Every structure is written in C-alpha cells, then in structure tokens.
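Engineer: Okay, predicted coordinates and the sequence, questions at the end:
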Amino acid sequence: MELKKNPNISVDCVVFGYDTTTKSLNLLLINRYLESASGNEVLVDDYVLTGYHIYEHETLDDSATRVLKELTGLTNTYKKQFKAFGDPDRLKNEKDITWINNEKFNFRTVTIAYYFLVKTEDVDLEKTKHNAKWFPVAELPTLGFDHKQIILEAYEDLKIKCLAEPIIFELLPDKFTINDVQDLYESILDIEIDNRNFRRKLINKKYIIPLDEKQVGVSKKPAQLYMFSKDVYEKMYQKNYLINI
C-alpha cells in the first residue's frame with residue numbers, strides 16, 4: 001500500500017541531548033543542502049530540524065515517533081508536543097522557497113512541534129541521514145525555515161518542565177554523580193547553583209538511589225554514583241517542584 005502524506009500538516013522534532021564531557025546541552029540538526037542542476041552553484045546549505053509531513057493513517061504522536069526513529073533509530077524516548085506553528089509566511093524565506101520548489105512541498109504547511117530528550121551516547125551519528133550533527137544550544141548554525149523560533153520555544157518549555165518533573169534524567173547516563181545532575185541543571189537553566197545546598201536536597205530525594213559504585217577512570221577522587229528510580233518517583237509523585245533552586 002502506498003503511503004499517502006498530508007501536504008498541509010507536518011511534524012518537526014527538536015532533539016535535545018546532553019554532553020557530560022563538555023557539559024553542554026545540545027541539539028541534533030540535519031544538513032539541508034541543494035546544488036543547482038549544473039552542480040556549479042550551491043543554492044542551499046544550512047541546518048534544520050528533522051521533520052516531515054504526516055501520513056494520512058498516522059496520529060501526530062505516531063508521526064513524530066516515526067520521524068525520530070528514521071533519523072536516530074530510537075523509539076522509547078521522552079517526547080512532548082508543545083506548539084503548532086502556522087504563520088502563513090513561515091516558509092517564505094528565499095532559500096526556503098528554493099528548497100520547497102525543488103522538493104515540491106506545499107508552502108501552506110502547518111507544523112506540529114515536539115521535543116525529545118535522548119542520551120547522546122545512544123545516537124550513532126554515522127548511521128543518521130543528512131549529515132546529522134550535535135550543536136550546543138548556545139552556538140547554533142544558520143537555520144532554515146522558522147526553526148530558530150521553534151527551537152527557542154522548545155528550550156523555554158524545557159526550562160519550565162525540568163523544574164516540575166524529573167525529565168532531566170532522560171538526558172543523563174543511567175549511573176551519574178550529583179555533580180552531573182547539577183551541571184545539567186546549570187546548562188539548561190543557564191545559572192549557577194549553590195553546590196552544598198543542591199547536593200543536600202538531591203540526595204534526600206527517595207527516588208535518587210545511591211549505588212555501591214564510584215566513578216572509574218577519573219584522575220581526581222572518584223565520586224559516588226547514583227541512579228534515578230522512575231518507579232519510586234511515580235509512587236510518591238506530587239505536583240510540586242522537584243528541586244527548589
């Protein structure tokens with residue numbers, strides 16, 4: 001059966017990852033590249049979010065999950081639908097027009113935006129399409145369409161959400177240190193956090209489980225490792241802030 005796409009509705013996926021080495025919140029973007037028919041001129045060379053039109057048989061969630069899987073191979077990841085973008089002029093930049101004419105897409109396309117939280121080590125860049133690369137949120141390349149606006153709004157939503165629910169553990173390795181958690185909060189919120197106060201509050205959370213393990217392969221004194229227990233969290237969940245910073 002031939003899949004029939006809806007020409008007026010798409011999904012765009014803002015894929016966040018965290019680099020524990022550089023302590024950077026990153027975005028996974030794909031290269032949008034187009035040469036002239038003769039090959040003598042580069043018409044478009046920038047970066048965009050991964051996305052595509054929905055198929056008629058799909059729900060929006062199914063479509064977003066498909067798009068992410070096609071890029072990364074990942075399926076069981078945190079995702080949130082956060083906004084629709086439907087400005088009539090959202091695809092009218094000169095390079096966007098060139099790209100859309102080449103792809104024979106519809107200029108009047110409404111996109112439903114999602115963001116995903118993934119562990120960077122789970123993404124094999126060598127197996128992704130379109131030269132996908134990680135970019136720090138603070139150092140984004142030239143972006144196509146209205147994707148800068150979509151990214152900024154996803155980022156603002158993430159800042160609010162990470163204070164209300166323990167979603168940041170979707171970005172960390174399964175085993176982490178207290179400093180890893182603090183570094184991630186500081187990276188997302190772009191603030192400095194009092195170390196002692198933060199540590200005390202975090203280790204008192206029943207869903208932060210200390211392990212009988214410490215860091216390995218570090219030059220300094222190895223730190224205690226912990227894990228996040230989703231089961232414990234869900235049993236005791238109350239709608240309040242995870243951590244008061």
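Structural biologist: It's in.

Engineer: what does the longest helix along the chain contact?
Structural biologist: When the chain is parsed with DSSP state H, its longest helix is helix 147-164. Residues outside helix 147-164 that contact it (Cβ atoms under 8 Å, 6 or more residues apart in numbering): 12, 14, 16, 27, 48-49, 80, 82-83, 85, 111, 113, 115, 137, 140, 143, 167-168, 185, 188-189, 239, 241-243, 245. C-beta: built from backbone N, CA, C; applies to glycine.

Engineer: Specify the residue ranges that define each domain of this structure.
Structural biologist: 5-164, 173-236 (automatic domain parsing).

Engineer: could those domains be laid out in TSV, adding mean neighbour count and mean pLDDT?
Structural biologist: As requested, the domains of the chain are arranged in TSV below (neighbours: other Cβ atoms under 10 Å; pLDDT from 0 to 100):
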stretch	mean neighbour count	mean pLDDT
domain 5-164	16	95
domain 173-236	14	91
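
Engineer: and the contacts of helix 147-164, which of them are in strands?
Structural biologist: The strands, defined by DSSP state E, take in D12, V14, F16, L27, V48, K80, F82, K83, F85, T111, A113, Y115 from those.

Engineer: quick check, distance from stretch 59-70 to the centre of its chain.
Structural biologist: Distance, stretch centre to chain centre, for stretch 59-70: 14 Å (Cα atoms, centre = their mean, to the nearest Å).

Engineer: Checking the residue of the chain most remote from its centre next. Helix, strand or coil?
Structural biologist: Within the chain, the residue lying farthest from the chain centre (Cα atoms, centre = their mean) is S38, at 36.5 Å. Classification of S38 using DSSP: H, G, I helix; E, B strand; the rest coil returns coil.

Engineer: Got the phi and psi for it?
Structural biologist: With angles defined as degrees, to the nearest 10, S38 sits at phi -80, psi -20.

Engineer: and if you look at E121?
Structural biologist: According to degrees, to the nearest 10, E121 has phi -70, psi -10.

Engineer: separation between the residue lying closest to it once chain neighbours are set aside and E56?
Structural biologist: Excluding the flanking residues, the one nearest E121 by Cβ to Cβ, 6 or more residues apart in numbering is P173, at 7.1 Å. Distance of P173 to E56, computed by Cβ to Cβ, to the nearest Å: 39 Å.
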